[in-house]
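Engineer: I need the structure of the sequence given here:
(chains A, B, C, D, E, F, G and H, ligands or ions: 10)
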Amino acid sequence: MKHIEFRLTGSGGQGVLMLGVILAEAAINKGYNAIQSQSYGPEARGGASRCEVIISGQDIDFPEVQQPDVLLALTQLAADKYARDLKADAIVIIDDSIELSHDPGTKNIYRLPILVTARDVVRKELTANIVSLAAINQILGLFDQAELLEAILHRVPKGTEILNQRAVDAGIELVQNHAG
Amino acid sequence: MKHIEFRLTGSGGQGVLMLGVILAEAAINKGYNAIQSQSYGPEARGGASRCEVIISGQDIDFPEVQQPDVLLALTQLAADKYARDLKADAIVIIDDSIELSHDPGTKNIYRLPILVTARDVVRKELTANIVSLAAINQILGLFDQAELLEAILHRVPKGTEILNQRAVDAGIELVQNHAG
Amino acid sequence: MSDQKQLTLKREWCKGCGICVAFCPTKVLIMDTDYKCTIDNIDACIKCGLCELRCPDYAIYLKEAEDGK
Amino acid sequence: MSDQKQLTLKREWCKGCGICVAFCPTKVLIMDTDYKCTIDNIDACIKCGLCELRCPDYAIYLKEAEDGK
Amino acid sequence: MANKIALMQGNEACVQGALYAGYRFYAGYPITPSTEIAELSALELPKVGGKFIQMEDEIGGIAAAIGASIAGTKAMTATSGPGFSLKQENIGYAVMAQIPLVIVNVMRGGPSTGLPTQSAQADIMQAKWGSHGDYPMIALSPISVRETFDLTVRAFNLAEKYRTPVMLMTDEVIGHLRERVEIPVEGELEVFDRITAEAGKLRRRPYEKEPGEIVPAMSVFGDGNRTHTTGLFYNETGFPSNSTENAKIMLDRIFSKIYDHVDDIVQVEEYELADCEVAFVAFGSTSRVVKAAIKQLRADGIKAGLLRAITIWPSPEKQIRALAEQVDHIIVAEQNEGQYVREVQRIVEGRAKVYHIGRGNGEILTPPELIDLVKEVKHATK
Amino acid sequence: MANKIALMQGNEACVQGALYAGYRFYAGYPITPSTEIAELSALELPKVGGKFIQMEDEIGGIAAAIGASIAGTKAMTATSGPGFSLKQENIGYAVMAQIPLVIVNVMRGGPSTGLPTQSAQADIMQAKWGSHGDYPMIALSPISVRETFDLTVRAFNLAEKYRTPVMLMTDEVIGHLRERVEIPVEGELEVFDRITAEAGKLRRRPYEKEPGEIVPAMSVFGDGNRTHTTGLFYNETGFPSNSTENAKIMLDRIFSKIYDHVDDIVQVEEYELADCEVAFVAFGSTSRVVKAAIKQLRADGIKAGLLRAITIWPSPEKQIRALAEQVDHIIVAEQNEGQYVREVQRIVEGRAKVYHIGRGNGEILTPPELIDLVKEVKHATK
Amino acid sequence: MQPSKLVQKYFREANLPTIWCPGCSHGITTKAIAQAIENLGLDKDNTVIVSGIGCSSRAPGYMAFNTVHTTHGRAIAFATGIKLSKPELNVIVITGDGDASAIGGNHLIHAARRNIDITVVVFNNNIYGMTGGQYSPTTPTGAFGTTAPYGNVDQPFDILKLAEGAGATYTARGTAYHTKQLISYITKAIDHKGFSIVDAISVCPTYYGRRNQAGTGVQMMVWLKDNFVEKTVYDKLPEDKRAGKFTYGEFHQEDRPEYTAEYQKLIEHVRGEQ
Amino acid sequence: MQPSKLVQKYFREANLPTIWCPGCSHGITTKAIAQAIENLGLDKDNTVIVSGIGCSSRAPGYMAFNTVHTTHGRAIAFATGIKLSKPELNVIVITGDGDASAIGGNHLIHAARRNIDITVVVFNNNIYGMTGGQYSPTTPTGAFGTTAPYGNVDQPFDILKLAEGAGATYTARGTAYHTKQLISYITKAIDHKGFSIVDAISVCPTYYGRRNQAGTGVQMMVWLKDNFVEKTVYDKLPEDKRAGKFTYGEFHQEDRPEYTAEYQKLIEHVRGEQ
Ligand SMILES: Cc1ncc(C[n+]2csc(CCOP(=O)(O)OP(=O)(O)O)c2C)c(N)n1
Ligand SMILES: Cc1ncc(C[n+]2csc(CCOP(=O)(O)OP(=O)(O)O)c2C)c(N)n1
Ligand code: SF4
Ligand code: SF4
Ligand code: SF4
Ligand code: SF4
Ligand code: SF4
Ligand code: SF4
Ligand SMILES: [Mg+2]
Ligand SMILES: [Mg+2]
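Structural biologist: Ligands and ions are numbered 1, 2, ... in the order given. Presented below is the predicted three-dimensional model:
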């Protein structure tokens, strides 16, 4: 397992924090090392909330993301602020409502209708984070579906299993359609 | 002017603090150096309140009395506690109601009826400190009467001039009678 | 006097809380798809000023007509 | 019962405040020349306990008769 | 039983460690970035019959926690910068009255309100010198989430063993970091419980040590000793004494119980020190950055190493002195404008060159900066 | 006009010095042995139209004093040990918000309630490190009653000149000592008044220095600037900024305004240093004891001397370093268990042997002890 | 685009919009204060707004007066120093329920006792907003907070009773919904000579709202509308209609010597005697 | 010679006599507490006396219980920790007017708000005795103190009104002169389940007395006798007889859930659910 740095961003209520926690837990379950951190204070409640995850096969010494391998942005504000200082071949995943105000320096850009999908396909806006997670996993191929689902179900409220399964499916599909 | 160290002791209300301040001020008025310090806290309110004065022609570096040249004690408690560590030829002045519980190590002991004199002769118990001051001065010959009186009147309430003059006279007489 | 006032929206300050919309007595306002306030039915506005009073972000208000302009 | 009690002065604890003297209803107590409380007229004592109640230094009190002694 | 593995936050590990150590009382006042310690304590303590109380301020927080400890309960309070300043008076009280207590400071950017959501390591000197008068202090600083767990347990142990408050000086980075943790199973870590006066056996002089005691056993309310606790200088009876002779004895006692046992109290990690030419001294989250830098440096053929202070107070004097004999250059890396470096300079007494790298502006150090400095230092001496 | 000569107490000299400097506001809470400063202020301030307020606690005391200073009034608060601990949070605020203020600590025996009526010099490190976060501090320490007067004036001057709180660290001995004082006449001592923003000339960036300014001139309520004051990191507009770049600039600013002017701020007395072989470093009342000892030593033919730190923070690094070049033995004498000696050790870096003599039990040092130590030190090197 | 005249006059436009969450009522109460100042025609240059720390305490940063953002809980103590040293200034304190009544409780009661001429407006949202939703001294018993995961065991202060018990000479309660009345109470409070306090019932949708399923800002405002009754109206309600209702209105008003005026007399007395 | 049985039982004889000045009423109130404990038959070993700093706060050092002499103003906060961690203990706080209502004011009002089962006895001598006679929050306006050389400008707290405003569920005032009543109020206060406070009007002849020419301890006690009237008696006095009179008696009594009991319920609820 190589060292992968994720920066997951969006607005306060979009659950990017939970996304990061689930991602890190999935990694740990699989025997990898992982750390997660996030922004605090007013920033975390505004439109540019930030969650960072590092997954690695080694010890993770430096506790912050230095150059993301993966950037997720669910709001314009977040994209404006965080789509910078990426690795040259970083993967950028943004909601399709966002217009990139500058060149993020990588060609690997996925503009996916995440929010609309959560609202209209999954029928629950709050699942945008799970949709995103599934999309990320689909792109990177980190976990198999069962592993991913186990990590998700460990954290989401009881009774939302089917909803989350739908969100995962939708996320996968978004990438498949994009790729296709 | 040589270096003279005074330890003036008694109970909280007997005015030994004021005595010390007047003594130090008289010295300063005469161009000497002088410092004064005292005990604080519950001790200062109890029967063994302590006031220290050093008079000197030189700078006074060390700020506390190391070995008194002169000890005044107006209560038994004070005498028990402070009639110690005196210079070999120190002058000890105690009220005649006090029995020395130990040998103070000097022969120069004046047992004077200070409190009775203040009460019965001066007719004001509170003047015991001024009686004592006059007695001390009489023994040591530091100041002439006018100097002493000036220093006293600077500190005592207006309207008590005659009373204090009487106290000074009484103090002088005590020593004269003793000496005689 | 209130006739001269004009309902004004400073959209960039609107945070989309919906308070003005909820308490406008004549339903002048709606939330748009960007979750911001929009003046939907200006004709219904009675210029009561309640939206201005309660907008936490000073984004909507009755602008006073400027003299001589 | 109060008959069996005995007015007692623990003189070494007395600070001479005079409170017991001032409030003894029958003037049993006086201050002596050492400024300490002294039982002056024990016969007048009605064992009301007021001196004990208010002595701030626990120096005066009604001692209970000890059984069998 | 196998260790459970979990993704755990530093502040959570502190609470879990405390529970492991037998913690049953929390009193405090919320402040970023320490608040999760309060929040999790509020959630977890009632489950084990313990108590959580949110006091009116930080002063009330430490006071109530000391009260609970006096009453016989393992207690903790947690805070950050401004709250740490407010607690200082009663930290001195706990030292003087010899009350076990764990005080957690999750450091953030300062001074004053500063940068509440950014990290710092700038309360390090305050941990030792923040209260008035002369007193010793034990303070520990974890590098990771797992170590937060372990050091919290250790803080409770030391507090009980030496009847003294112990500080856990962590920082925003570690406090908020979620990391993979192998949770210790019961029995895996030592738990030191309070040594209490033998029930029924009354001590006339409750602050006198009995043979074999490091500190006098504590009385328990109800054991009949009915002891007196005070923040004035007291003698072995526990009652105040005004005498300077007694004050000397007592000061000596609160100092020597710590300084006579530095070898028990002081822990360090020696990382790549054996053959090292340029050494770092660091603690807490910054030592992670240092380790990352050292790996890179070693890959580049430069022999760097790290002496990590796990116990920061009392400082590891012996180890730092030995290090100064070994290397010519010591770099103190810390997230502040220069604090612990002064302690290192003092100990080193010129036997090695001491450098500082750090800043108090909330921005953590990065490996490249450290690498550059090492290269510069090495270069300058060639 | 001839100087008036009076027998004056240290605490009184502090109040008289403050009045000389134009002091008009006191807020505080009584505590032994500083209380006379409050009492005399209550008596004297109304006479000059100033205000005295006894607040509900020490925190309120410093807060109200800072408030008055923000409003444009020269303000002071005084306290001792426990109260000094309580003031720490807001000391950091005054540094951060750049508010001139004089804080007096008449030191007493501690830790905790300790020995309230005995003297100590054990809050020396706390003066520098007592509040959270990184910050510089100016602290002065008088040797006599007269110097208490002078240094109080100086404390006000430095506070205004550098827009920062300044501490007067005196002790029970000096605070309560009555001594012969020649009272300075008007004009004899420099009085530095606040540099305020020019009335009518509005500053868009009120925390930006104009040419020639050491610190930006302060706005006065009513001058139209309507500035904002905060304890968060702020930028030149005065409004909070979360950016770490700005925090760096700001930290640099509050440090450099002090450290770029150490030569203006730091004062020492060199007593019998010229030919000296064994040197003392001391401050405050203890330096009187040292002087007495030196006189005796010189009479005995031993060349002892004293470097007295009048400014204790920032510490006189240059002077101490020079001293370490001159002598082989430096004895730090202080009334505590070893505080300033650590600063001296740090600075000396092994260039001279550094000894400590002192104790925190309330008993002041005596000349014979110092003399004995000097003889021992000299003997050991023969 | 220009904001309203009131905002232009009394706010620091460059700092807007605020950092507050959508639907947070702190913006409403802040403007209510500006309106009260406008009503009274106070001189901006002689008016000082002092706050502590909290979401609410960020308000002064947006207001175009002499503004002081102090330490948590200490606003009233700072304000005491400002007012006593310069009694000619109008001094208004903006504070939160935590800032005023938890850590700052002591300064509150002592300022009330002294009857110093300061107006305190408590942005009372029954929660510590800034630190993420811990219960405060005004959180109702049973309500949830991050430190009250099982419902709050504490019983809340009635801040006005507390202030009155301490000696406050003007006390009133308003709500963010009943904005006009709130403005009128603040106006009267500032105009009152002596210590005045307005308990401004506020909403924090982000923390109080979420934790207690009280909904969005709008829903919480509706709740205020439905559950708060003017005091004199409440007093006339039949017993059964009172249940669960809360009151706003003016609660206490009294004339007592004002602190800084008394101090001024003392100065004149002392100087007269010299 | 032996002291009285009560003193033998409840005092640490070796520490007597006290450091208090002659005529200081602190000794009277301290014994009143011991008498109240005797009346209730509390177990000494399960009783804790907590104090802050001040002359009054020295009392626990003389009392044969588990005693804790804390920091200035913090006694109630320490006591809160003791009581909450061990609700089976009887916890009594001895404090001065300065300790309780100046620096300790915040802890006082919050303990009252929580209604935690602690009894606070305020040795209220209207002055800071320990530090030599500065005015306190209960010093009457116009009275003298070392920091009020021209007469006190501050207006005093009514400690019981303050405590009631904060939520105290038992409040009473006694005086050192009216010792029997004082004992009865303290007895009731300790017996009360919830936060109780007794304002014990005291005399400090050394500082308050001297500065205010109120005379010796005896004279000050006579003053208490002449100027304090039992509350119900006072209420029946004609207006003209009330002038200048002060009241003692029981002022407020109320039943509200007690804090530690409520917390215990929470624990049981949580553990029941596990
Ligand atoms: C001394 C100190 N303790 C704690 C904090 C953390 N803190 C900041 S604001 C706050 C509470 C704010 O609550 P409130 O006053 O009700 O304001 P709100 O945010 O709800 O408007 C706390 C606990 C601090 N900044 N300083
Ligand atoms: C933090 C702190 N501030 C101030 C003091 C000084 N101090 C000790 S006791 C006291 C006041 C005591 O007054 P009160 O509580 O009324 O008790 P009394 O002595 O009158 O019985 C003060 C100000 C202290 N010890 N600690
Ligand atoms: S002014 Fe009144 S009617 Fe017009 S939009 Fe605003 S709230 Fe509606
Ligand atoms: S009240 Fe203001 S912020 Fe809220 S939706 Fe309306 S205009 Fe926007
Ligand atoms: S018991 Fe009563 S009558 Fe007897 S001495 Fe005491 S007060 Fe007087
Ligand atoms: S009341 Fe007590 S202390 Fe006072 S005089 Fe009487 S016996 Fe002595
Ligand atoms: S957290 Fe609450 S109080 Fe703070 S800004 Fe958001 S809604 Fe307002
Ligand atoms: S100073 Fe006052 S309160 Fe203190 S012991 Fe003396 S009389 Fe009592
Ligand atoms: Mg709030
Ligand atoms: Mg008192």
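
Engineer: the residue in chain G that ligand 6 sits nearest to: what's it in contact with?
Structural biologist: Of all residues in chain G, G:R113 sits closest to ligand 6, at 34.9 Å by Cβ to the nearest ligand atom. For the C-beta atoms, the positions are set from N, CA and C on the backbone; glycine is no exception. Under the criterion of Cβ atoms under 8 Å, 6 or more residues apart in numbering or on different chains, the contact partners of G:R113 comprise G:166-167, H:137, H:154-157.

Engineer: in strands only, show me these.
Structural biologist: In this view, those have no member that belongs to strands under DSSP state E.

Engineer: buried ones among these?
Structural biologist: Burial by neighbour count, judged by 16 or more other Cβ atoms under 10 Å in any protein chain shown, picks out G:166-167, H:137, H:154-157 from those.

Engineer: among those, which one sits closest to chain A?
Structural biologist: Lowest distance from chain A to these (Cβ to the nearest Cβ) belongs to G:A166, with 33.1 Å.

Engineer: and A:H3, how many residues sit next to it?
Structural biologist: 12 (other Cβ atoms under 10 Å in any protein chain shown).

Engineer: ignore what I typed, I meant E:K318.
Structural biologist: Using other Cβ under 10 Å as the criterion, E:K318 is surrounded by 13 other residues.

Engineer: also G:A243?
Structural biologist: 7.

Engineer: and stretch A:147-165, how far out from the chain middle?
Structural biologist: Taking Cα atoms, centre = their mean, to the nearest Å, the mean C-alpha location of stretch A:147-165 is offset from the chain mean by 16 Å.

Engineer: have a look at chain A and report the helix or strand with the lowest mean pLDDT.
Structural biologist: Comparing every helix and strand of chain A by mean pLDDT, DSSP states H and E singles out helix A:42-45 as the least confident one, with a mean of 72.

Engineer: returning to that earlier point: which of the contacts of G:R113 lies closest to A:S11?
Structural biologist: Sorting the contacts of G:R113 by how near they are to A:S11, with Cβ to Cβ, puts G:A166 at the top with 42.8 Å.

Engineer: isn't that closest one right up against G:H107?
Structural biologist: No - judged on Cβ atoms under 8 Å, G:A166 makes no contact with G:H107 at a distance of 10.7 Å.

Engineer: shared neighbours, those two?
Structural biologist: Taking Cβ under 8 Å, 6+ apart as the contact criterion, no residue touches both G:A166 and G:H107.

Engineer: remind me what the helix or strand where E:Q88 lies packs against, helices and strands.
Structural biologist: When secondary structure is defined using DSSP states H and E, the element that contains E:Q88 is helix E:81-97. Taking 3 or more Cβ pairs under 8 Å, 6 or more residues apart in numbering or on different chains; DSSP states H and E as contact, the helices and strands that helix E:81-97 lies on are helix E:58-70, strand E:75-79, strand E:101-109, helix E:124-129, strand E:165-171, helix F:81-97.

Engineer: could the ones you listed go into TSV alongside mean pLDDT and mean neighbour count?
Structural biologist: Formatted as TSV, the entries for those read as follows, by pLDDT from 0 to 100; neighbours: other Cβ atoms under 10 Å in any protein chain shown:
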stretch	mean pLDDT	mean neighbour count
helix E:58-70	98	31
strand E:75-79	98	31
strand E:101-109	97	30
helix E:124-129	98	25
strand E:165-171	98	29
helix F:81-97	98	29
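
Engineer: ligand 5: which of those is closest?
Structural biologist: When the helices and strands packed on helix E:81-97 are ranked by distance to ligand 5, counting by Cβ to the nearest ligand atom, first place goes to helix E:58-70 at 39.7 Å.

Engineer: so is that closest one next to ligand 2?
Structural biologist: No - applying Cβ under 6 Å from any ligand atom, one finds helix E:58-70 separated from ligand 2 by no less than 9.8 Å.

Engineer: between strand E:101-109 and that helix, find me the angle.
Structural biologist: Using axes from the mean of the first three to the mean of the last three Cα atoms, to 10 degrees, the interaxial angle of helix E:58-70 with respect to strand E:101-109 works out to 150 degrees.

Engineer: please enumerate the helices of the chain.
Structural biologist: Here I'm looking at chain A. Counting by DSSP state H, one finds helices in chain A at the ranges A:16-29, A:42-45, A:76-82, A:114-116, A:128-140, A:145-155, A:161-179.

Engineer: wait, chain C
Structural biologist: C:19-23, C:50-54.

Engineer: got TSV for those, with distance to E:W129 too?
Structural biologist: TSV is the format used below for the helices of chain C (distance: least, Cβ to Cβ, whole Å):
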stretch	distance to E:W129
helix C:19-23	51
helix C:50-54	51
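
Engineer: mean neighbour count, distance to ligand 6 and mean pLDDT for the ones you listed - can I get that in TSV?
Structural biologist: Rendered in TSV, the data for the helices of chain C read as follows (neighbours: other Cβ atoms under 10 Å in any protein chain shown; distance: least, Cβ to the nearest ligand atom, whole Å; pLDDT from 0 to 100):
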stretch	mean neighbour count	distance to ligand 6	mean pLDDT
helix C:19-23	23	70	98
helix C:50-54	22	68	98
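
Engineer: could you export those as CSV, including distance to ligand 5?
Structural biologist: Conversion of these to CSV gives the following (distance: least, Cβ to the nearest ligand atom, whole Å):
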stretch, distance to ligand 5
helix C:19-23, 73
helix C:50-54, 72
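
Engineer: how about these, which one is nearest ligand 4?
Structural biologist: Taking Cβ to the nearest ligand atom, helix C:19-23 is the member of the helices of chain C nearest to ligand 4, at 3.3 Å.

Engineer: and that closest one with chain G, contact?
Structural biologist: Yes - with Cβ under 8 Å from any Cβ of the partner chain as the criterion, chain G is reached by helix C:19-23 at C:19, C:21-23.

Engineer: could you say what helices and strands the least confident helix or strand of chain A packs with?
Structural biologist: For helix A:42-45, the packing partners by 3+ Cβ pairs under 8 Å, 6+ apart come out as strand A:49-56.

Engineer: and chain C, which of its residues are near ligand 9?
Structural biologist: Nowhere does chain C come near ligand 9, counting by Cβ under 5 Å from the ion.

Engineer: how about the strands in chain C?
Structural biologist: Applying DSSP E to chain C gives strands spanning C:6-9, C:29-31, C:37-39, C:60-63.

Engineer: so what strands line up beside the last one?
Structural biologist: In the sheet containing strand C:60-63, the strands it pairs with under DSSP bridges are strand C:6-9 (antiparallel).

Engineer: distance between the ends of stretch E:329-338?
Structural biologist: 17 Å (Cα to Cα, to the nearest Å).

Engineer: quick check: mean pLDDT of it?
Structural biologist: When pLDDT is averaged over stretch E:329-338, the result is 98.

Engineer: mind checking if that stretch is in reach of chain A?
Structural biologist: No - interface with chain A: stretch E:329-338 contributes nothing (Cβ under 8 Å from any Cβ), its closest point being 11.7 Å away.

Engineer: ok, the residue nearest to C:C37 when sequence neighbours are not counted - contacts?
Structural biologist: Across the structure, with Cβ to Cβ, 6 or more residues apart in numbering or on different chains as the measure, the residue nearest C:C37 apart from its sequence neighbours is C:C14 (5.0 Å). The neighbours of C:C14, taking Cβ under 8 Å, 6+ apart as the test, are C:36-37, C:57, C:59-60.

Engineer: in chain C, which residue sits nearest chain B?
Structural biologist: Residue nearest to chain B within chain C: C:P56 (56.7 Å; Cβ to the nearest Cβ).

Engineer: all good on my end, thank you.
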